[in-house]
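In: what's the 3D shape of this:
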Amino acid sequence: MTEMKNFIQAILILSAVLTSSTKAEEVVYAQVGDTVTLKLRNHLHENYLYWHFGDENGPRLAWGNPLGGKEFTNTAHWKTKLSDDSSLIISDIKQENFGTFVCKFFPENKILTYRLLKINITVDQASPLVPGEHLTLTCIADTSPNVQSPAIHWLNPRGEKVETNQGKHKVRVTSQDHGQWTCVVTNNKKETQAKTSVTVVDLSPAPSNPQYTSKSSPLTVPCSFPAHISWEQIKAVGLQEVNWHFDPQPGSNRVSGYPQRLFFLSLDDPPTWKKDQDRALTPVLDLKKGLLSLTRKQGREDDKGDYLCSMKVRDGVFLNRTVHVKVLQITSSAGTKFISGQQVNLSCSVGEPLPSSLRLKWVPPEQSSLPSLTPDHHPAHLTIREVGAGDGGRWRCELWQGNACLTSAVITLKIAEPKLSVWMLVIICSVTVIIVLLLMLVFIICRRRKRKTSRLRHRLCKCKNPKPKGFYRT
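Out: Take a look at the predicted model:
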């Protein structure tokens, strides 16, 4: 009786195992257009395999045997979509390919069931968008009887998890929301990702730091569209205007007529720049690369100020980028022409204190008498107490940030000899020599006359006694 009871329990356990194996089921999620692999576990591929769609008696999709033989159906819905690598691979899934897949194994007499369920993504606002517009993304995963509903959340283009309400995410877009949004469906600790693209048309970010230039360096004021934005997408947001404005004193009302418009873009075919104010700047228009920048071969002192690149699109929305430009200058206390021995004061600045991330570097002429400067200390003000001939030439002041030279300014000093120069000494010596020679000549002439008078006195005399007038020889 006991043996019979044990035998019955063994039969029940075996039946339960066989029943569980024949009812083994796996849920697979996918999006239209995806490629899905229905994987076989363990060594089941060593059996004769038969794949069916719908149920075990449904249309046969493929078969295979342990010797490598295999065949795939060539019907309209499955043609060129099926392949295998010890599993069934379904590529470029269409709506009609979702459903139940059954794989039967012989001689092990097992059945595996796969439910291929669809992930649906909807976007309420058609791309492209502009910053400030609202976007709602909805992700819904299909379910089936006896299948637990999966968990759903969204990842933004930066891979960050965002707030989701039953598969729905609402956001007021910025340029950072451009790119692929990912709906993550989690079922039985297995994640499936479905993606959708969102296009946000905006200007590229303006430089975080000012643009530096000088009279010795070129000037570039950057403005552009990101490389992934096409001209067709830009026009699709209702482009109305593109302008460049300049303000030399931002936030000040002391100068009338500012900010002034420099250029505007004529939206003809092809688009062209039209000039309003002439500051000798050249606009760059390369829409294939998204470039809208302004350039000049050399900067000027009056380039300092704010340059505003703006774009007007639908609903009167303006997209703006402001570029701050600063000019590096070298100034001298007394011009650029000096006499050897004079004191010279040079200053290098942008007209305001530099941030701690920037530093100056002086490059004097090779023969300069300036004492050596330490690498970590190049002051904004230099004093040369007595300039010499070696201090003449090009003095360069460079503005550095880390290992990059942002710009440099140049001043040329001319050093002349003192007024009492060698030529003056030559002239003085020459005059002195002439005077000495004249004195010597006068002395010689006077001496000769004196000797001649002395000889006459010895030859003639005057008598003391009265005698006839005249002189007589003694």
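In: need the contact list for Ala62.
Out: By Cβ atoms under 8 Å, 6 or more residues apart in numbering, Ala62 lies in contact with Leu49, Tyr50, Trp51, Lys70, Glu71, Phe72, Thr73, Leu82, Asp84, Leu88. C-betas here are computed from N, CA, C, even on glycine.
In: Try it again at 7 Å.
Out: Trp51, Lys70, Glu71, Phe72, Thr73, Leu82, Asp84, Leu88 (Cβ atoms under 7 Å, 6 or more residues apart in numbering).
In: which outside residues touch stretch 90-98?
Out: Contacts with stretch 90-98, where a contact means Cβ under 7 Å, 6+ apart, come from Ala30, Val32, Gly33, Asp34, Thr35, Val36, His77, Lys81, Leu82, Leu116, Leu117, Lys118.
In: can you pull the buried residues of stretch 26-33?
Out: For stretch 26-33, burial by neighbour count (16 or more other Cβ atoms under 10 Å) applies to Glu26, Val27, Val28, Tyr29, Ala30, Gln31.
In: Would you format those residues as JSON lines with pLDDT included?
Out: Formatted as JSON lines, the buried residues of stretch 26-33 follow (pLDDT from 0 to 100):
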{"residue": "Glu26", "pLDDT": "90"}
{"residue": "Val27", "pLDDT": "92"}
{"residue": "Val28", "pLDDT": "94"}
{"residue": "Tyr29", "pLDDT": "95"}
{"residue": "Ala30", "pLDDT": "96"}
{"residue": "Gln31", "pLDDT": "95"}
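In: And those, which is closest to Gly238?
Out: Gln31 (31.0 Å; Cβ to Cβ).
In: The nearest residue to the closest one once chain neighbours are set aside: helix or strand, and which one exactly?
Out: Of all residues not flanking Gln31 in the chain, Ala194 sits nearest, at 4.1 Å (Cβ to Cβ, 6 or more residues apart in numbering). When elements are defined using DSSP states H and E, Ala194 is found to belong to strand 190-198.
In: From the contact counts, what lies against that strand?
Out: strand 110-123, strand 179-187 (3 or more Cβ pairs under 7 Å, 6 or more residues apart in numbering; DSSP states H and E).
In: mind redoing it with 10 Å?
Out: Contacts defined by 3 or more Cβ pairs under 10 Å, 6 or more residues apart in numbering; DSSP states H and E place strand 190-198 against strand 24-30, strand 110-123, strand 134-141, strand 151-155, strand 179-187.
In: Quick one: closest of those to Arg60.
Out: Closest approach to Arg60 among these is made by strand 110-123 (14.1 Å; Cβ to Cβ).
In: Next, the angle from the closest one to strand 179-187.
Out: With axes from the mean of the first three to the mean of the last three Cα atoms, to 10 degrees defining the directions, strand 110-123 sits at 140 degrees from strand 179-187.
In: one step back: make a markdown table out of the contacts of Ala62 and add distance to Gln166 and neighbour count.
Out: Output for these, formatted as a markdown table (distance: Cβ to Cβ, whole Å; neighbours: other Cβ atoms under 10 Å):
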| residue | distance to Gln166 | neighbour count |
| --- | --- | --- |
| Trp51 | 35 | 23 |
| Lys70 | 43 | 13 |
| Glu71 | 44 | 12 |
| Phe72 | 39 | 19 |
| Thr73 | 38 | 17 |
| Leu82 | 35 | 19 |
| Asp84 | 37 | 17 |
| Leu88 | 33 | 22 |
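In: Can you dump the C-alpha atoms of stretch 127-146 in CSV for me?
Out: Taking C-alpha atoms only, stretch 127-146 is exported to CSV below (Å, rounded to 0.1, in the frame of the first residue of the first chain):
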residue,chain,number,x,y,z
SER,A,127,8.8,67.9,-34.6
PRO,A,128,10.6,70.2,-35.1
LEU,A,129,9.9,72.2,-31.9
VAL,A,130,11.5,75.4,-30.6
PRO,A,131,12.5,76.1,-27.0
GLY,A,132,9.6,77.0,-24.8
GLU,A,133,7.0,74.8,-26.6
HIS,A,134,5.3,71.9,-24.8
LEU,A,135,5.9,68.3,-25.6
THR,A,136,4.0,65.2,-24.3
LEU,A,137,5.4,61.8,-24.8
THR,A,138,3.2,58.7,-24.2
CYS,A,139,4.4,55.1,-23.9
ILE,A,140,2.0,52.2,-23.7
ALA,A,141,2.9,48.5,-23.6
ASP,A,142,0.3,45.9,-24.8
THR,A,143,-0.8,43.3,-22.3
SER,A,144,-2.4,39.9,-22.6
PRO,A,145,-4.4,37.6,-20.3
ASN,A,146,-2.5,36.2,-17.4
